[in-house]
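Participant: 3D model of this:
(one chain, ligands or ions: 2)
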Amino acid sequence: DSIANQIAAGEVIQRPASVVKELMENSLDANAKHIHIIIKDAGRTLVQVIDDGKGMSMTDARMAFERHATSKIKTSEDLFALYTRGFRGEALASVAAIAHVELKTRRAEDEMGTWLKIAGSKVESQETIFCAVGTTISVKNIFFNVPARRKFLKSNETERRNIFTEIERIALVNPDIEFTVIENDVQTMHLPPANLRQRIVQMQGKGINQQLIEINEETTLAKIHGYVSTPQFARKGRANQFFFVNNRYIRHPFFHKAVMTAYEPLISATENPNYFIYFEVEPDTIDVNIHPTKTEVKFENERALWQILMVTVKESLGKFNAIPSI
Ligand code: ADP
Ligand code: MG
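Facilitator: Ligands and ions are numbered 1, 2, ... in the order given. I've put the predicted structure just below:
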């Protein structure tokens, strides 16, 4: 069923950036503290992720590439993960169907590690090796056996930007994790462990520090925290605007309007503020009945949350603008 595998793979893996995202998510699931991302030719020839997470046993290593789609869905949090992070249990199987994959992994309790080579879903070799605790997965020649997909890839510049978009979203919800990116043998990004504010500065440059206003609100519907930028720093054109729910990136045009409404009296209609806004909600108050590759999510109490968000942002901007008493 290698054709079926390739088609299913296309749902989860659309471009090198999807590989980067899935491998990084797995490293985080394995409690890695340091994650290295190595990329060649915008991910076309190589995406490699090295982590210091818990590693896999030899059996787990082989199992990891089996399709076991929905078997892991036990809670609504799992279901939420399914729709925001691709089909659970499909990622590695999908990658293995459309690339040359190498896995090196070892658990702390094992003396020796496992080295697997897979191409087009077939295990080509399996050896026992000495290696560090953790997991290294190398994905070479993405879509080597799916020419249509390979042709569909965009310029290196675009594919590279997609990769960085994924890295940025993940780095912004895992400030305590260290990330290193090496592109074509040159280190292009290094994010040491940090708090959220520091991580935003690491990603966006020192200039952003003075414009960050903290927001923090707790209601029965949601906890909302993060940073918005002072109105003075709003700029024409694109800004850095992020919503996350339960530590996953989402797009939310309706909530974007809430933020813009809070800024309305303070900035002109063509200006855009930066914001980094994190919601925490009960997983079962989110509608996950949407396509897995999309990042849209519908909240049960969307109107009420709109109001809460608008007021929260507005109040924090007001506080910032208030003239401090002597
Ligand atoms: P999922 O993450 O949804 O379970 P994946 O296909 O992404 O599915 O991964 C399959 C399994 O392989 C994971 O559940 C995990 O047990 C194992 N695995 C994958 N990557 C790693 C890693 N970096 N460290 C440890 N285990 C991993
Ligand atoms: Mg995964």
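Participant: So which residues on the stretch 51-200 of the chain come close to ligand 1?
Facilitator: 51, 53-56, 60, 64, 72, 88-93, 135 (C-beta under 6 Å from any ligand atom). C-beta here means a position set from N, CA and C on the backbone, and glycine is covered the same way.
Participant: Out of these, which end up buried?
Facilitator: For these, a neighbour count by 16 or more other C-beta atoms under 10 Å gives the buried set as 51, 53-56, 64, 88-93, 135.
Participant: which one of the residues of the stretch 51-200 of the chain next to ligand 1 is nearest Glu168?
Facilitator: In terms of C-beta to C-beta, no member of those lies closer to Glu168 than Asp51, at 18.4 Å.
Participant: Show me what that closest one bridges to in the sheet.
Facilitator: Ile35, Thr135 (DSSP bridges).
Participant: Which residues are in contact with the one residue in the stretch 51-200 of the chain that gets nearest to ligand 2?
Facilitator: Per C-beta to the ion, Ala91 is where the stretch 51-200 of the chain lies closest to ligand 2, at 4.3 Å. Listed by C-beta atoms under 8 Å, 6 or more residues apart in numbering, the contact set of Ala91 reads Val12, Ile13, Glu22, Glu25, Asn26.
Participant: show me where the stretch 101-250 of the chain has strands.
Facilitator: In the stretch 101-250 of the chain, the segments counted as strands under DSSP state E, counting those that start in this stretch are 113-119, 122-129, 134-140, 178-183, 186-191, 212-218, 223-229, 235-236, 241-245, 248-250.
Participant: Is it possible to get TSV of those that adds distance to Tyr275 and mean pLDDT?
Facilitator: TSV is the format used below for those (distance: least, C-beta to C-beta, whole Å; pLDDT from 0 to 100):
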stretch	distance to Tyr275	mean pLDDT
strand 113-119	42	97
strand 122-129	46	96
strand 134-140	33	98
strand 178-183	22	98
strand 186-191	20	98
strand 212-218	9	97
strand 223-229	4	97
strand 235-236	13	90
strand 241-245	5	96
strand 248-250	13	90
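Participant: Distance to Met203 added to those strands, as TSV?
Facilitator: Output for the strands of the stretch 101-250 of the chain, formatted as TSV (distance: least, C-beta to C-beta, whole Å):
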stretch	distance to Met203
strand 113-119	33
strand 122-129	36
strand 134-140	24
strand 178-183	10
strand 186-191	7
strand 212-218	12
strand 223-229	12
strand 235-236	17
strand 241-245	10
strand 248-250	13
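Participant: I'd like these as TSV, with distance to ligand 2 appended.
Facilitator: Shown next, in TSV, are the strands of the stretch 101-250 of the chain (distance: least, C-beta to the ion, whole Å):
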stretch	distance to ligand 2
strand 113-119	16
strand 122-129	19
strand 134-140	11
strand 178-183	17
strand 186-191	21
strand 212-218	31
strand 223-229	26
strand 235-236	36
strand 241-245	18
strand 248-250	13
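Participant: just to revisit the earlier point, among the residues of the stretch 51-200 of the chain next to ligand 1, which one sits closest to Lys314?
Facilitator: Lowest distance from Lys314 to these (C-beta to C-beta) belongs to Arg88, with 38.5 Å.
Participant: Go back to the contacts of Ala91 and keep what's next to ligand 2.
Facilitator: Restricting the contacts of Ala91 to those near ligand 2 by C-beta under 5 Å from the ion leaves Asn26.
Participant: Using ChimeraX, define a selection of the buried residues within the contacts of Ala91.
Facilitator: Filtering those down to the buried ones (16+ other C-beta under 10 Å) takes a single ChimeraX command:
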select :12,13,22,25,26
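Participant: doesn't Asp176 make contact with Leu196?
Facilitator: No: in this structure Leu196 lies outside contact range of Asp176 using C-beta atoms under 8 Å: 9.3 Å.
Participant: quick one, which of these two is more surrounded?
Facilitator: Leu196 (19 against 10; other C-beta atoms under 10 Å).
Participant: if I look at the closest residue to the more buried one other than its chain neighbours, how far off is Gly226?
Facilitator: In space, not counting the residues next to it along the chain, Leu196 is nearest to Pro175; the distance is 5.0 Å by C-beta to C-beta, 6 or more residues apart in numbering. Separation of Pro175 from Gly226 (C-beta to C-beta, to the nearest Å): 12 Å.
Participant: quick one: common contacting residues for these two?
Facilitator: With C-beta under 8 Å, 6+ apart, Pro175 and Gly226 have common neighbours Leu196.
Participant: Who has more neighbours out of these two?
Facilitator: The residue with more neighbours, out of Pro175 and Gly226, is Gly226; 23 against 18, by other C-beta under 10 Å.
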